[in-house]
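Visitor: attaching a predicted model along with its sequence, questions to come.
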Amino acid sequence: MCGIIGAIHMKGNVAPLLRKSLKRLEYRGYDSSGIATAANGVIFIKKDKGKIDEIHQQINFDTLPGSIGIGHTRWATHGPPSKLNAHPHTDCYDRIAVVHNGIIENYQELRQILLEGGHQFRSQTDTEVIPHLIEDALNHTSRLENAVARVLPKLEGSYAIVVLEAKGNELVCARKESPLVIGLGQRGIYCASDVPAFLPMTRKTIVLEDNELVHLTANGALLTRLDENGSPTRLPLRIPTEVQWTIDMAQKGGYPHFMLKEIHEQPTAIRDTLRMKKSDFENFADVLHNHKKVITVAAGTSYHATLAAKYMFSQISNFLVHDVIASEGTDTVASSLGEDTAVLAVTQSGETVDTLHAVKHLKKQGSTVLAITNTVGSSITRMADHVVYTQAGPEIGVAATKTFATQLATLASLSTYLGVLTGAQTIKEKNELLAALNQFPELIEIIIRNQENAIKDASQEYITRSNFFFLGRGISTATALEGALKIKEIAYVHAEGYPAGESKHGPIALVEPGFPIVFVAPNDKTRRHLEGNVMEMKARGAQIISICSAQDTTLINLSDHAISLPPLPSILFSPICYVVPLQLLAYYAAILRGHNPDQPRNLAKAVTVL
Ligand code: GLU
């Protein structure tokens, strides 16, 4: 995820406008920024690593000449944040500049072909293949629009791009699975990842659809649809919509808070994550399989993802891992680990000091480190021997939601590859599990669509309660722990997540009439025993809120409130869907109590103290 902008200004230099637009897009990504403009047949570029204001102070973007240009604020996916990896990227002769949001999955193959054709690359990004491909395509057509149309069918993956040519009289933009909107103003014409980029200049917007390409000049926009072979059909330009949002609302995509936006973004985040290279998973699985001992190390929500992984690795891969809370890592098991150990560290920011500290310690003892993180170039990636990136994009809400979803999806996927190595899964079974996993994003969409209002109502009913239990069995223990953590973090409600079976060994003493208990109850093999736990709590007057299958009429009838979910194509990955109602429950509990869920007190997004 990142922010891109293209602008043609009717009068005066466009660079200050591009810089301010990027600033308004910075919430989409902020590890590096760059601007390219064209004037007198030359492309001018300024770019660097860092936040836009810091870079601007040092290199002053505003002096770039010309009334046409493109800009980018990056969230690295391929290649760490650096000046060379910052966008815009150019062809061999600096005739073409491109900004890109998304991931080109087949970039290595394309890069190899281009290198063999004599092209020279300057960055490690996937993006850089695009300007070089356009350079080649311009040998067959003199029109930029046609050249871009020839290139797009070669790109696998996701993209929103804006292309600038040195001639400097036109921009070409296109999208597939990454957002792009056109803005039509009195004094300029724009395209961007998101409306805030051009909101002060115009409210008239046209949202582009997948496989659409737009040719922008000072005279207006021409819309083209490409079929799968890249054959173009010119379409009449759609009538622009007048957006009513403020900039703040637009940055949150119209949602009142980033957290809610990010909960809704989970399907996209999982889809992007599952697009990762098969070879990355195979490599990870191989390393895990080749070690005698395997531990996971993580903190907070990431720890809950590793706990879920422990169950998935056991049930799907017949593979035992020991889960370690990062801050305990050096004090508990470290002395019994060494070269025979693989450490699977999970951290969204890649900067969680507890995790880094444990990993460093174990690495010193000779262990091999694998990391799963959402942040390219973060400290963990420099320590780890192998890294897999989740593709959640920047998460602004302090309480993790979409990064958790992508960690679960990554670990779920990994468990299937590991299962093949241990012999627990045939290749066919692994593929079936992966096919099932790929259906989860759509299920989350359905769950949110069908249940958000019911969850809001439930939050209303329980608003005055100051204690909750979240109970589950098996893998749902991880889900329950995460549900309890979310409501603690943002609604400041005391909640305990507990294995349901264990709850009778102590916690049940707290239950009195009206005590709310959330049961996480997917229809897996724990479901039968869970019913006993529900009955125990009901017998003491607890109010039961179940998150269960829509087909589970028994539990629905036993519950005071039931949030029912569609049947899952594989119950083994249940936390990916079952955590969603719990995230929404915490969100609405926070709102009803008057708290800002994006910035909970006493917490930080990346915890960088021991
Ligand atoms: N994949 C591109 C990169 O790593 C674009 C990332 C983005 O969307 O910011 O540079």
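Guide: Sure, I can see it.

Visitor: quick one: F44 is in a strand?
Guide: Yes - when DSSP: H, G, I helix; E, B strand; the rest coil is applied, F44 is found to be in a strand.

Visitor: flag the shaky bits of the stretch 501-610 of the chain, pLDDT-wise.
Guide: Scanning the stretch 501-610 of the chain for pLDDT under 70 picks out 605-610.

Visitor: now E282: how far from the ligand?
Guide: 22 Å (CB to the nearest ligand atom, to the nearest Å). (Glycine included, C-beta is placed from N, CA and C.)

Visitor: that residue contacts Y417, doesn't it?
Guide: Yes - E282 is within contact range of Y417, at 5.6 Å (criterion: CB atoms under 8 Å).

Visitor: report the contact partners of I544.
Guide: 517, 519, 534, 537-538, 558-561 (CB atoms under 8 Å, 6 or more residues apart in numbering).

Visitor: in CSV: those, plus neighbour count and distance to Q57.
Guide: Shown next, in CSV, are those (neighbours: other CB atoms under 10 Å; distance: CB to CB, whole Å):
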residue, neighbour count, distance to Q57
I517, 28, 54
F519, 27, 54
V534, 22, 60
M537, 23, 59
K538, 16, 63
L558, 17, 62
S559, 22, 58
D560, 16, 57
H561, 18, 53
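
Visitor: which one's more surrounded, E282 and Y417?
Guide: Y417 (24 against 15; other CB atoms under 10 Å).

Visitor: quick one: which helix or strand includes the closest residue to the ligand within the stretch 201-350 of the chain?
Guide: Nearest residue of the stretch 201-350 of the chain to the ligand: D272, at 9.9 Å (CB to the nearest ligand atom). Assessed by DSSP states H and E, D272 sits inside helix 266-274.

Visitor: counting contacts, what elements does that helix pack onto?
Guide: helix 402-422, helix 440-461 (3 or more CB pairs under 8 Å, 6 or more residues apart in numbering; DSSP states H and E).

Visitor: the ligand: which of these is closest?
Guide: Nearest of these (CB to the nearest ligand atom): helix 402-422, 15.0 Å.

Visitor: quick check, distance from stretch 231-240 to the centre of its chain.
Guide: 31 Å (CA atoms, centre = their mean, to the nearest Å).

Visitor: same check, this time on stretch 479-486
Guide: 20 Å.

Visitor: same thing with stretch 60-75?
Guide: 26 Å.

Visitor: hmm, it touching the ligand?
Guide: Yes - counting by CB under 6 Å from any ligand atom, contacts between stretch 60-75 and the ligand involve 74-75.

Visitor: which parts of that stretch are buried?
Guide: 61, 64, 66-75 (16 or more other CB atoms under 10 Å).

Visitor: thinking again about what came up before, run through the residues that contact the residue of the stretch 201-350 of the chain closest to the ligand.
Guide: 103, 158, 391-393, 406.

Visitor: show me just the buried residues among the residues you listed.
Guide: Of these, these count as buried by 16+ other CB under 10 Å: 103, 158, 391-393, 406.

Visitor: so which one among those has the lowest pLDDT?
Guide: In terms of pLDDT, G393 ranks lowest among those, with 85.

Visitor: show me what residue of the stretch 451-600 of the chain gets nearest to the ligand.
Guide: D598 (21.8 Å).

Visitor: next one: phi and psi at that residue?
Guide: Per-residue torsions, D598: phi -70, psi -30 (degrees, to the nearest 10).

Visitor: and for the residue in the chain that the ligand sits nearest to, the neighbour number?
Guide: Going by CB to the nearest ligand atom, the ligand is nearest to C2 of the chain, at 2.6 Å. Using other CB under 10 Å, C2 is surrounded by 28 other residues.

Visitor: let me see the contact set for it.
Guide: 28-29, 72-75, 87, 101, 193.

Visitor: one more time with 6 Å, if that's ok
Guide: Residues in contact with C2 (CB atoms under 6 Å, 6 or more residues apart in numbering) are 28-29, 73-75, 101.

Visitor: now intersect the residues you listed with the strands, please.
Guide: 73-74, 101 (DSSP state E).

Visitor: show me the strands in the stretch 101-250 of the chain, by range?
Guide: Assigned strands in the stretch 101-250 of the chain, in chain order: 157-165, 171-176, 181-184, 188-192, 204-207, 212-217, 220-226, 232-235, 241-242 (criterion: DSSP state E, counting those that start in this stretch).

Visitor: export these as JSON lines, with columns for distance to I113.
Guide: Below are these laid out as JSON lines (distance: least, CB to CB, whole Å):
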{"stretch": "strand 157-165", "distance to I113": "16"}
{"stretch": "strand 171-176", "distance to I113": "20"}
{"stretch": "strand 181-184", "distance to I113": "32"}
{"stretch": "strand 188-192", "distance to I113": "29"}
{"stretch": "strand 204-207", "distance to I113": "34"}
{"stretch": "strand 212-217", "distance to I113": "23"}
{"stretch": "strand 220-226", "distance to I113": "21"}
{"stretch": "strand 232-235", "distance to I113": "24"}
{"stretch": "strand 241-242", "distance to I113": "41"}
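
Visitor: what's the least confident stretch among those strands?
Guide: strand 241-242 (a mean of 88).

Visitor: thinking again about what came up before, return the item of the contacts of C2 having minimum pLDDT.
Guide: Ranking these by pLDDT, G29 lands last with 69.

Visitor: wait, a helix at G34?
Guide: No - judged by three-state DSSP, G34 forms no part of a helix; its state is strand.

Visitor: who's in contact with it?
Guide: By CB under 6 Å, 6+ apart, the neighbours of G34 are 47, 72, 86-88.

Visitor: cool, F519 as well?
Guide: Here F519 is in contact with 471, 534, 546 (CB under 6 Å, 6+ apart).

Visitor: tell me the buried residues in the helix or strand harbouring the second one?
Guide: Okay, so that is V534. Assessed by DSSP H and E, V534 sits inside helix 527-539. Using 16+ other CB under 10 Å as the test for burial, helix 527-539 gives 527, 530-531, 533-534, 537-538.

Visitor: and stretch 378-392, by the same measure?
Guide: Buried-residue list, stretch 378-392, by 16+ other CB under 10 Å: 378-381, 383-384, 386-392.

Visitor: and it, end to end?
Guide: 15 Å (CA to CA, to the nearest Å).

Visitor: that stretch near the ligand anywhere?
Guide: No - using CB under 6 Å from any ligand atom, stretch 378-392 stays clear of the ligand, coming no nearer than 9.5 Å.

Visitor: give me every residue that touches R74.
Guide: Counting by CB under 6 Å, 6+ apart, R74 has contacts 2, 29, 31-32, 86-87.

Visitor: could I get the contacts of D272 as CSV with distance to L307?
Guide: Converted to CSV, the contacts of D272 look like this (distance: CB to CB, whole Å):
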residue, distance to L307
I103, 29
S158, 31
Q391, 22
A392, 19
G393, 24
T406, 16
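
Visitor: farthest-separated two in these?
Guide: The most widely separated members of the contacts of D272 are S158 and T406, with 14.7 Å between them, by CB to CB.

Visitor: out of the strands of the stretch 101-250 of the chain, deepest packed?
Guide: Compared across the strands of the stretch 101-250 of the chain, strand 188-192 shows the largest average neighbour count, a mean of 27 (mean count of other CB atoms under 10 Å).
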